[in-house]
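Chemist: No letters, just coordinates:
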């Protein structure tokens, strides 16, 4: 008894039947498969002022920046870009009914849409640069572009909220506290000096101290001169024929004595002033130093607040900006229909041959 091992028409017909059934099914899938479009946005993360290269100098605390640090910053920014909240915001901006019309406008519908959009979104760093590409895929080219731009816009809004708006709010609080402290210091100075200008008080102390030193010097000279005149008077008192000289000496002695008394009185008055002002200085100096410090702090906070408010009002975020907005793509990323049909034919033929071969082997 012999077995026929050759390929018969039965096997060929079986393979043809498989081919005829598989090909239309695959062709139907290819013809009904929606075309997918991918829109992209490019965001540049440039080196900011803090990363500008500064040559190392001897005895200097200024160092050249570490590029690795900036790479970490970009990676962190990419994490901010890749989150569900941005996808949800983009869907709400464009409209759930337009993005995924098959989903209901319920909380669950929005959750499903967010997950679907996350799967259709890719965020990647372009090799050799600090440019991040945000790409969104969707059957409608216009909607894919709108979703990409809406996501980017919300990202920048979040950055403004994080780096500018919150900072401005904190600066306003600090500025208010500094202004309040300055007001309290001014009130303390006014109470201490009875409304006088503290600078005038300080200048008066310095001037009076200098005058006092000069007056003490004059008093010392006058007392020396008075002592000499008094000795001269004693000498002339016992000499005959020296009446005129004795009279002149007495007159000069009286004048110098009067000058000494005047200087002593003035010095005593100045000492009272100096003692009073010197008693104020231990309390006055800290208040003046605090007033100067608060004034400097207020100016610094005002400048920083102005910069922060300016930053919050612009579209970019300093060294982070969009260099290419998403536009509706002209070409689909889906495989061309002709190529899909060719592949369907090849797969159908392979299926037919495989089934025919198995039938031949199994007898």
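Modeler: That came through, no problem. Nothing here was measured: the structure is a model prediction, and the numbers come from that model.
Chemist: Which stretches in this protein count as helices?
Modeler: Under the criterion DSSP state H, the chain carries helices at the ranges 9-32, 67-81, 84-94, 96-99, 107-119, 141-159, 166-193, 198-237, 243-312, 337-362.
Chemist: wait, which of those helices is closest to residue 132?
Modeler: helix 67-81 (5.9 Å; CB to CB). C-beta: built from backbone N, CA, C; applies to glycine.
Chemist: pLDDT of that closest one, averaged?
Modeler: Averaging pLDDT along helix 67-81 yields 71.
Chemist: for stretch 287-298, same thing?
Modeler: In the prediction, stretch 287-298 has an average pLDDT of 78.
Chemist: same check, this time on stretch 250-270
Modeler: pLDDT averaged over stretch 250-270 gives 87.
Chemist: so where is the stretch 101-250 of the chain shaky, pLDDT-wise?
Modeler: 162-168, 192-198, 239-242 (pLDDT under 70).
Chemist: highest average neighbour count across the helices of the chain?
Modeler: helix 141-159 (a mean of 21; mean count of other CB atoms under 10 Å).
Chemist: what helices or strands is it leaning on?
Modeler: Helix 141-159 is packed against strand 37-45, helix 67-81, helix 84-94, helix 96-99, strand 131-138, strand 320-324, with contacts defined by 3 or more CB pairs under 8 Å, 6 or more residues apart in numbering; DSSP states H and E.
Chemist: same thing but at 6 Å, please
Modeler: On a contact count with 3 or more CB pairs under 6 Å, 6 or more residues apart in numbering; DSSP states H and E, helix 141-159 meets strand 37-45, helix 84-94, strand 131-138.
Chemist: ok now that helix, how far from the chain's centre?
Modeler: Remark: helix 141-159 is offset 23 Å from the chain centroid, using CA atoms, centre = their mean, to the nearest Å.
Chemist: Offset the numbering so it begins at 38, please.
Modeler: With 38 as the first residue, the last one maps to helix 178-196.
Chemist: Not counting that helix itself, show me its contacts.
Modeler: Helix 178-196 is contacted from outside by 74, 76, 78, 118, 123, 126-127, 130-131, 171, 173, 175, 354, 362-366, using CB atoms under 6 Å, 6 or more residues apart in numbering.
Chemist: ok, now how distant is residue 299 from residue 259?
Modeler: 9 Å (CB to CB, to the nearest Å).
Chemist: can you give me how far stretch 320-332 is from the chain middle?
Modeler: Distance, centroid of stretch 320-332 to centroid of chain: 30 Å (CA atoms, centre = their mean).
Chemist: Contacts only, for residue 295.
Modeler: By CB under 6 Å, 6+ apart, the contact list for residue 295 is empty.
Chemist: about what we covered before: in a markdown table, list the helices and strands packed on helix 178-196 along with distance to residue 46.
Modeler: Below are the helices and strands packed on helix 178-196 laid out as a markdown table (distance: least, CB to CB, whole Å):
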| stretch | distance to residue 46 |
| --- | --- |
| strand 74-82 | 48 |
| helix 121-131 | 58 |
| strand 168-175 | 48 |
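Chemist: which stretch among these comes nearest residue 287?
Modeler: strand 74-82 (97.3 Å).
Chemist: and the closest residue to residue 369 other than its chain neighbours, how many residues sit next to it?
Modeler: Nearest in space to residue 369, with sequence neighbours left out and distances taken as CB to CB, 6 or more residues apart in numbering, is residue 72 at 4.1 Å. Residues lying near residue 72 (other CB atoms under 10 Å) number 14.
Chemist: picking that back up, looking at the helices and strands packed on helix 178-196, which is nearest to residue 388?
Modeler: Comparing the helices and strands packed on helix 178-196 by CB to CB, strand 168-175 comes nearest, at 30.0 Å.
Chemist: Can you name every helix or strand that the closest one contacts?
Modeler: strand 74-82, strand 158-162, helix 178-196.
Chemist: how about the ones you listed, which one is nearest residue 225?
Modeler: Residue 225 lies closest to helix 178-196 among the helices and strands packed on strand 168-175, at 42.7 Å (CB to CB).
Chemist: now the angle between helix 121-131 and the closest one, please.
Modeler: 130 degrees (axes from the mean of the first three to the mean of the last three CA atoms, to 10 degrees).
Chemist: returning to that earlier point: pretty sure the residue nearest to residue 369 is touching residue 367, no?
Modeler: No - Residue 72 lies out of contact with residue 367 (CB atoms under 6 Å); the separation is 11.8 Å.
Chemist: which residues are contacting stretch 143-157?
Modeler: 121, 124, 125, 128, 133, 137, 140, 174.
Chemist: Apart from its neighbours in sequence, what residue is nearest the third one?
Modeler: The spatially closest residue to residue 125, leaving aside those adjacent along the chain, is residue 151, at 4.7 Å (CB to CB, 6+ apart).
Chemist: roughly how far apart are the one you found and residue 340?
Modeler: From residue 151 to residue 340 the distance is 42 Å (CB to CB).
Chemist: For residue 324, which residues are in contact?
Modeler: Neighbouring residues of residue 324 by CB under 6 Å, 6+ apart: 222, 225, 226.
Chemist: again with residue 260
Modeler: The contact partners of residue 260, by CB under 6 Å, 6+ apart, come to residue 297.
Chemist: can I get the helices and strands packed on strand 168-175 in CSV with distance to residue 216?
Modeler: Shown next, in CSV, are the helices and strands packed on strand 168-175 (distance: least, CB to CB, whole Å):
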stretch, distance to residue 216
strand 74-82, 37
strand 158-162, 44
helix 178-196, 29
